[in-house]
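Q: I would like the atomic coordinates for the input below:
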Amino acid sequence: MTFTWPAGSPTSSPVRLALRQAILESIFLAESGHPGGSLSLVEILTAIFDGNFLQSPSDQQNPERDRLVLSKGHGVPALYALYSQLGYFEAKELRGLRKSGHFLQGHPDHLRYPLMEASTGSLGQGVSVALGLALGLRVKFEKGELKRLPKVYCILGDGESQEGQVWECLMSCGKFLPGNLIFILDANEGQIDGPVKEVMDLEPLADKLKAFRLDVSEINGQDVKTIQDKLKSIEIKAHAPAQFIIARTLKGQGVKSMERVIDWHGKAPNKEELKRSLDEIYGENNRPNGSLLEGANS
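A: Numbers count the residues shown, from 1 in each chain. Predicted coordinates:
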């Protein structure tokens, strides 16, 4: 049986299980990738796209669409899997992850896939792109060129937040007050060199962000409803402090053998590790949606 998505909203448990399966199987087929930071994004991304994001697979370049900049570009397998689930492209395309010339590159590639609002991967740069998008859309809205003010989401990592460019951007947010810009920090506590706290501790993070005139909140990034409730509570204004949501997650979230294990930052599972991980994802539940591995060589 080939891979098919289970029915239901992106935030439903069966869909989130299938997203994790697709993430791991696509990285396995690519023989490289970043499972840890992709898995920690699942709840964040599904909460955004389930009622908090105006965009359509039938009109992907609508100028009034909401935007998402994945500044932590190495987590893009999670975004690809979600776009497939939502019908932007067929699931079989996930087998092309990181393949030369394929539109699903290992980091977002705007040239090959324009719905990736920014080509990211060099950490820290996506935040500046997101700020520029938010300000540019505000200008168009205030000129009457857009009927609605689109939201711009920017997802960044906590290891990434050690970059100086991030803090320069946040300082600019305090000056320009882009009220349509929503930062979400995937605070999964790990980076390639080790625990974030040991490499370069960010705390007291909330206090620092508030000093930059940001509207700061801290939530459980493992709980979809909590994330959804927070996103629904945000009132978008043309001129207001940018939102900065610290979402506390786990690297490798949802796969016990990968959670909090730094080694899973940037390596693909082998066949045995993939099987073990899928067993952990589904537990005693049967996997009803097939596998990306079937027909992968066709």
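Q: what about the stretch 101-250 of the chain, any weak spots by pLDDT?
A: The model of the stretch 101-250 of the chain has no residue with pLDDT under 70.
Q: Where do the strands of it begin and end?
A: For the stretch 101-250 of the chain, the strands defined by DSSP state E, counting those that start in this stretch occupy 152-157, 181-187, 190-191, 194-195, 215-220, 243-248.
Q: Can you lay out those as a markdown table showing distance to Asp279 and mean neighbour count?
A: To be clear about C-beta, it is placed using only N, CA and C from the backbone, and glycine gets the same treatment. Listed next are the strands of the stretch 101-250 of the chain as a markdown table, based on distance: least, C-beta to C-beta, whole Å; neighbours: other C-beta atoms under 10 Å:
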| stretch | distance to Asp279 | mean neighbour count |
| --- | --- | --- |
| strand 152-157 | 28 | 28 |
| strand 181-187 | 25 | 28 |
| strand 190-191 | 23 | 26 |
| strand 194-195 | 27 | 14 |
| strand 215-220 | 26 | 17 |
| strand 243-248 | 26 | 23 |
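Q: His110: which of those strands is closest?
A: For the strands of the stretch 101-250 of the chain, the distance to His110 is smallest for strand 152-157, at 14.8 Å, taking C-beta to C-beta.
Q: Only C-alpha atoms, please: export that closest one in CSV.
A: Provided in CSV are the C-alpha atoms of strand 152-157 (Å, rounded to 0.1, in the frame of the first residue of the first chain):
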residue,chain,number,x,y,z
VAL,A,152,4.0,36.9,8.4
TYR,A,153,5.1,34.0,10.5
CYS,A,154,8.8,33.4,11.1
ILE,A,155,9.9,30.2,12.8
LEU,A,156,13.4,30.2,14.2
GLY,A,157,15.4,27.9,16.4
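Q: Surely Asn289 touches Thr2?
A: No. Assessed by C-beta atoms under 8 Å, Asn289 is found out of contact with Thr2, at 9.1 Å.
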